[in-house]
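**Student:** Below is the sequence, then the predicted model.
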Amino acid sequence: MIVRILGHGQYRVLDDAADELNAIDDRLEQAVRTQDAEAFAAELAALVAAVRSHGQAVADDELLASDAVVPDPDTSLEEALHLLSDEGLIPD
Amino acid sequence: MGLMKRFFLIVKAKVSKLLDNAENPNETLDYSYEKQLELLQQVRRGVADVVTSKKRVELQAEKLEASVAKLDNQARQAVQAGREDLARIALERKKGVQAQLQSLDAQRTQLEGEQEKLVAAEQRLTAKVEAFRTQKETIKAQYTAAEAQVKINEAFSGISEEMADVGLSVQRAEDKTEQMRARAGALDELLESGVFEDVTQSGDMIDRELAKVTTETEVDAELEALKKEIGAGAPADAAVQEGGPR
């Protein structure tokens, strides 16, 4: 699958890594729901690291649509909430 | 729904907003190309803004470094003059300036990161814009109309998504430089007020006090010298008088 890390381009990630990514993603969502800035930063860093370690960067001249999008690694919880609320996507 | 899915939807929403203004599907590709070029201009402006902000932060850091050196020197002079009270004030101020310097350093690092990110984004987008332009033509030549449409749609999704991403990055960089501009403005005001001992302003309180101490010491010394001269001179005069003709 193709995963985009906002601000850092796309990665081709093997489907085998999906479970690991989803587990981190669940914790990240949990951090947003509980508004835990520290956990958010830690899980986001873990998610970005997992995408990079399991994935291969897509070449600059390749044009592909992504299957999943990871926030920019230096996104704060506050910024994330702001982006999510713009589109009405804040977890309940 | 996980965060990756939510952010995926955010990007989708940005993509559709990006292409909202295309009059009809046939114009979408041309419109998109215009937008791609516009966005490239925006990224380049973004890089220039970040560089300007970084220069300003660096300039302020230089001024504060000079203040640290000056305050250090003042503290030394004050201790030499036996004015511990003045030395303490100078050292306290130095601590304050050093804290500001640390914050400036953090800002500089952040701007440096934004700059690197935007430069990389510009490179990526340039490559993708070019790839899209050429792929569109080869696809049309190599595939049947229906197949070509599918392939072009794929490529179009890819470039549109990149545009949405770059748009978000530019927006974030702008927000950051805006915040830093506000902080830099506030710091400039503080510098001007002399709180951090703007070295371009002469004669601050510690300087005046030190000058007073120096003047007092000099006056004392001169007074001592005068006293000695007169004290030593008087007996000499007396001797002359004694030894004089009677």
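**Tutor:** Structure's in. What do you need?
**Student:** Grab the most central residue of chain A for me.
**Tutor:** By CA atoms, centre = their mean, chain A has its centre lying nearest to residue A:70, at 2.1 Å.
**Student:** what sits opposite the residue lying closest to that residue once chain neighbours are set aside in the beta ladder?
**Tutor:** Closest residue in space to residue A:70, ignoring its immediate chain neighbours: residue A:5 at 4.7 Å, by CB to CB, 6 or more residues apart in numbering or on different chains. Every residue, glycine included, has its C-beta placed from N, CA and C. Residues in a beta bridge with residue A:5, per DSSP bridges, are residue A:9, residue A:70.
**Student:** per-residue confidence for residue 17?
**Tutor:** Here I'm looking at chain A. Residue A:17 carries a pLDDT value of 93.
**Student:** look at chain B instead
**Tutor:** Looking at residue B:17, the pLDDT reads 84.
**Student:** helix or strand for it, which one?
**Tutor:** Per DSSP states H and E: residue B:17 is located in helix B:3-18.
**Student:** worst-scoring helix or strand of the chain, pLDDT-wise?
**Tutor:** In the absence of a named chain, this looks at chain A. helix A:77-86 (a mean of 91; mean pLDDT, DSSP states H and E).
**Student:** wrong one, chain B
**Tutor:** Scoring the helices and strands of chain B by mean pLDDT, DSSP H and E places helix B:205-243 at the bottom, with a mean of 73.
**Student:** packing partners for it?
**Tutor:** Here helix B:205-243 touches helix B:25-80, helix B:84-142, going by 3 or more CB pairs under 8 Å, 6 or more residues apart in numbering or on different chains; DSSP states H and E.
**Student:** Which one, of those helices, ends up nearest to chain A?
**Tutor:** Chain A sits nearest to helix B:84-142 of all the helices and strands packed on helix B:205-243, at 3.6 Å, using CB to the nearest CB.
**Student:** can you pull the contacts of the residue nearest to the centre of chain A?
**Tutor:** The contact partners of residue A:70, by CB atoms under 8 Å, 6 or more residues apart in numbering or on different chains, come to A:3, A:4, A:5, A:6, A:44, A:47, A:48, A:51, B:3, B:4, B:7.
**Student:** Surely residue A:22 is in contact with residue B:2?
**Tutor:** Yes: with contact defined as CB atoms under 8 Å, residue A:22 reaches residue B:2; the gap is 6.6 Å.
**Student:** Get me the contact residues on chain B for chain A.
**Tutor:** Proximity of chain B to chain A is confined to B:1-11, B:13, B:113, B:117, B:120-121, B:123-124, B:127-128, B:130-132, B:135, B:154-159, B:161-162, B:165, B:168-169, B:172 under the rule CB under 8 Å from any CB of the partner chain.
**Student:** Helix, strand, or coil at residue A:60?
**Tutor:** Here residue A:60 is coil, with the state taken from DSSP: H, G, I helix; E, B strand; the rest coil.
**Student:** State the number of residues packed around it.
**Tutor:** 17 (other CB atoms under 10 Å in any protein chain shown).
**Student:** Look up phi and psi at it.
**Tutor:** Taking degrees, to the nearest 10, you get phi -60, psi -30 for the backbone angles of residue A:60.
**Student:** what's the answer for residue A:68, then?
**Tutor:** Given degrees, to the nearest 10, the pair of backbone angles that residue A:68 has is phi -150, psi 150.
**Student:** Neighbours of it, how many?
**Tutor:** A count of nearby residues for residue A:68, using other CB under 10 Å, gives 22.
**Student:** Then residue B:19?
**Tutor:** By other CB under 10 Å, 18 other residues sit near residue B:19.
**Student:** ok, now which ones touch it?
**Tutor:** B:28, B:31, B:32, B:35, B:160.
**Student:** Quickly check those residues for the two that are furthest apart.
**Tutor:** Maximum pairwise distance among those (CB to CB): 11.1 Å, between B:31 and B:160.
**Student:** Leaving out sequence neighbours, find the closest residue to the closest residue to chain B within chain A.
**Tutor:** Distance from chain B to each residue of chain A (CB to the nearest CB) is smallest for residue A:63, at 3.1 Å. Once flanking residues are discounted, residue A:63 sits nearest to residue B:158: 3.1 Å by CB to CB, 6+ apart.
**Student:** So what angle separates the directions of the host helix or strand of the one you found and helix B:84-142?
**Tutor:** Using DSSP H and E, residue B:158 maps to helix B:145-193. Comparing the axes of helix B:145-193 and helix B:84-142 via axes from the mean of the first three to the mean of the last three CA atoms, to 10 degrees yields an angle of 170 degrees.
**Student:** Would you pull up how far helix B:145-193 lies from the middle of the chain?
**Tutor:** Centroid displacement of helix B:145-193 relative to its chain, using CA atoms, centre = their mean, to the nearest Å, is 20 Å.
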